[in-house]
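> Have a look at this prediction, sequence included:
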Amino acid sequence: TARAGKEGSGLLVLFPFESRFLSEIRGLHVASNHELSSSLSELAEEDCPEWMQQNYSKVNSGGNKLANSAQLAYLSFLGYYLGQVRRIQDGTKNDVVSLSAEFSQSIGLANVPSIPRKLITKMELEGIPGVVSEDD
């Protein structure tokens, strides 16, 4: 990325539903790379490098910094998109919970992280399928 007035470039990875937000980035040319997204979606677990498989194991073993970070990333994703639900075409809280579950899988979590009951109430997620309470 550019710093101190210099030019630069970056890679922006989006979920398909996030592509509509590109229209909000004014003055920047963002080129799509559909070849990359096709390659990534076809990548099988056994094709992943060893270091990546080891990190997936760490994420799911729990109780370590990587696992905690992944769980916090899930909660952050869920919280952010609950606030943006109106910007997702025909979006509902159910859709956001479902997308958040997909996100949790994409970062290597085998199961959707549990959420404290108090936070579920605050986010108004009671009774929504896919929400896992710490009390369950």
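It's in. These figures come from a predicted structure and were not determined experimentally.
> Surely Ala73 and Gly108 touch.
No. Using Cβ atoms under 8 Å, Ala73 is not in contact with Gly108, being 10.2 Å away. From N, CA and C alone the C-beta is placed, and that goes for glycine too.
> from memory Leu109 sits against Lys58, does it?
No. Judged on Cβ under 8 Å, Leu109 makes no contact with Lys58 at a distance of 11.3 Å.
> These two: who's more crowded?
The neighbour comparison of Leu109 against Lys58 (other Cβ atoms under 10 Å) goes to Leu109, with 20 against 15.
> Distance check, the more buried one against Met123.
Computed as Cβ to Cβ, to the nearest Å, the Leu109 to Met123 distance reads 19 Å.
> Then Asp95?
Asp95 is 14 Å from Met123, where distance means Cβ to Cβ.
> sec struct for the closest residue to Leu12 other than its chain neighbours, please.
Leaving aside its chain neighbours, Leu12 sits nearest to Val30 (6.3 Å; criterion: Cβ to Cβ, 6 or more residues apart in numbering). What DSSP: H, G, I helix; E, B strand; the rest coil gives for Val30 is coil.
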